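S.K.: Pasted the sequence and its predicted model underneath.
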Amino acid sequence: MSEAAGVRADASTADPGPGSTAADDAGALTADELDARDELAQRRGDFVLDGTVYLDGNSLGALPRSVPARIADVVEREWGRLRIRSWNESGWWSAPERIGDRVAGLVGAGEGQIVVGDSTSVNVFKALVGAVRLAREEHGYGSGDGGGRGAGRDEILVDAATFPTDGYIARSAARMTGATVRAVPVAGMAAAAGPSTAAVLVNHVDYRTGELHDLAALTSAVHRAGGRVVWDVCHSAGALPVELDAAGADFAVGCTYKYLNGGPGSPAFLYVRRELQHRFDTPLPGWTSHADPFAMSDAYEPGDGAVRGRVGTPDILSMLALEEALKVWDGVDVAAVRAKSLALTDFFLRQVRAYVPGGRAGRLRLRSLTPEAHQRRGSQISLLCEDVADADGPDGREDAAGARRGDVAEDVMNELHARGVVGDHRRPGVLRFGFTPLYTSFADTGRAARTLADVVLERGGEVGSRPRRGTGER
Ligand SMILES: Cc1ncc(COP(=O)(O)O)c(C=O)c1O
Ligand SMILES: Nc1c(O)cccc1C(=O)C[C@H](N)C(=O)O
């Protein structure tokens, strides 16, 4: 048995910290025991993995084994031999809605409400402008861009910690619609929504900290204020139950290359709630969203249903890679994925705390930015890693001259990569570890925690001082 696999995750010796929810049955089990009980364990074989511990599926998911052969078939047979016939005979034309329905099942949406295509950034634009236009129409200000200024419903609230692209696009959407943007921390968003709120744009899980926000409660609050809400579910789709329909979400966007494993740059998705679809006034009314695209008419007449979210020709190769990748979800219950995700992140935190007691590793300090409470935790753990011997404060900040000093977290992550543990680093000072329950094992997780401890203790000047059996290892 490897050392990592033999680590006992004993909640009584690890220090789970205030508010911890770690004292569960799993707390007394080793990685091997947890892997033996894991009902998703056999899914790991569906992916191409090597000897590294891959904890970066929240940026780019691993390759499902069946994708290369499917792509070869699409290229050689569907494109190479069937050529133009494939738009109909191979189902290329209807792929955005067909694959949208497959994604729908993973994000709590009924069929006919999701279309796959474009990037998340482009879909944020469609959804946000659509939401502003809808809110204005509902409040009698007309849907004309710019027509709402001063008349009310002229504000877009954006998650203050948003992934940057959402904020950039929101500011452009605001300029186009004559609205203004206000950045608000998600915790204050419900209170901030009011009579001037047209639309609210929120990340379901914070990409930097891994904090999970309450989609249902915030959606209700925005609705009570008369606004419309757009959820960015990039970091929750495929990681935890999203429940778009049940929450009454208006719009949602998400990417498919993270927990859905669609591949680099795989198409994103757009959800428009069924009752709103006929009033969705897209700012990008491309020809493939037309009611009769091949009429090639001068006049735009929007199609019905999810098709209205389309723009131009679908990116078939990426889209069909995604469709194949989604087959790993056949027979998988998202609730089981969530349960395993929480068990993995609990296990990781317990192990790190046991190996680096008090988060102190000589001159380095580790502190979790990810909420302890399960209902507020996504599927990643973010650890702030600072060099406290640095008199000017946390690494990575700008000094008085505006120069960015070295970020010790970046060095630590580079060293983790060199030792076969792949997470990522976000400035300043954040080590991110994403846990994809379909292919991450508890043995992987134990090895990652142990390697992290080795690296920070060495870097912090406490070489070789990691407790070898601090968590009750056998
Ligand atoms: C929350 C979030 N939104 C949007 C994006 C950007 O998506 P894209 O680059 O596919 O447009 C990302 C990641 O890149 C993200 O994490
Ligand atoms: N989309 C990415 C890319 O094209 C290159 C590198 C990283 C990404 C990411 O997805 C980053 C990710 N959204 C994040 O949460 O930081």
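M.R.: Looks like it arrived, so ask away. Ligands and ions are numbered 1, 2, ... in the order given.
S.K.: use CA for all of it now, contacts and neighbours both
M.R.: Will do.
S.K.: Tell me how far the residue nearest to residue 53 when sequence neighbours are not counted lies from residue 164.
M.R.: Nearest residue to residue 53 in three dimensions, chain neighbours excluded: residue 421, at 4.7 Å (CA to CA, 6 or more residues apart in numbering). To residue 164, residue 421 is 27 Å away according to CA to CA, to the nearest Å.
S.K.: just residue 347 next, same as before
M.R.: Distance, residue 347 to residue 164, by CA to CA: 31 Å.
S.K.: Quick check on the two: which one has the bigger neighbour count.
M.R.: Of the pair residue 347 and residue 164, residue 347 is the one with more neighbours under other CA atoms under 10 Å, namely 27 against 11.
S.K.: In this structure that one contacts residue 444, no?
M.R.: No - Residue 347 is beyond contact range of residue 444, at 10.8 Å (criterion: CA atoms under 8 Å).
S.K.: pLDDT averaged over stretch 322-338, what's the number?
M.R.: The pLDDT scores in stretch 322-338 average 98.
S.K.: Quote the end-to-end distance of that stretch.
M.R.: Taking CA to CA, stretch 322-338 runs 21 Å from one end to the other.
S.K.: and if you look at stretch 301-311?
M.R.: Termini of stretch 301-311 sit 13 Å apart (CA to CA).
S.K.: List the buried residues in that stretch.
M.R.: By 16 or more other CA atoms under 10 Å, the buried positions in stretch 301-311 come out as 302, 303, 304, 305, 306, 307, 308, 309, 310, 311.
S.K.: can you list those in TSV and add secondary structure, pLDDT and distance to ligand 1?
M.R.: Formatted as TSV, those follow (DSSP: H, G, I helix; E, B strand; the rest coil; pLDDT from 0 to 100; distance: CA to the nearest ligand atom, whole Å):
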residue	secondary structure	pLDDT	distance to ligand 1
302	strand	98	24
303	coil	98	24
304	coil	97	25
305	helix	98	23
306	helix	98	19
307	helix	98	20
308	helix	98	19
309	helix	98	16
310	coil	98	15
311	coil	98	15
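S.K.: Residue 280 and ligand 1, how far apart?
M.R.: Residue 280 is 21 Å from ligand 1, where distance means CA to the nearest ligand atom, to the nearest Å.
S.K.: same check, this time on residue 163
M.R.: For residue 163 relative to ligand 1 (CA to the nearest ligand atom), the value is 5 Å.
S.K.: Could you check how many residues crowd around the nearest residue to that residue once chain neighbours are set aside?
M.R.: Distance criterion CA to CA, 6+ apart; nearest residue to residue 163, sequence neighbours excluded, is residue 207 at 6.5 Å. Residue 207 has 22 neighbouring residues, counting by other CA under 10 Å.
S.K.: With residue 246 instead?
M.R.: If you count neighbours by other CA under 10 Å, residue 246 ends up with 11.
S.K.: Give me the nearest residue to it, chain neighbours excluded.
M.R.: residue 108 (7.3 Å).
S.K.: Any idea how many residues pack against the one you found?
M.R.: Residues near residue 108, counting by other CA under 10 Å, number 17.
S.K.: Now do it against residue 325, distance only.
M.R.: In this view, residue 108 and residue 325 are 19 Å apart by CA to CA.
S.K.: which residue ranges form the strands in the stretch 51-200 of the chain?
M.R.: 53-54, 114-116, 155-159, 180-184, 197-203 (DSSP state E, counting those that start in this stretch).
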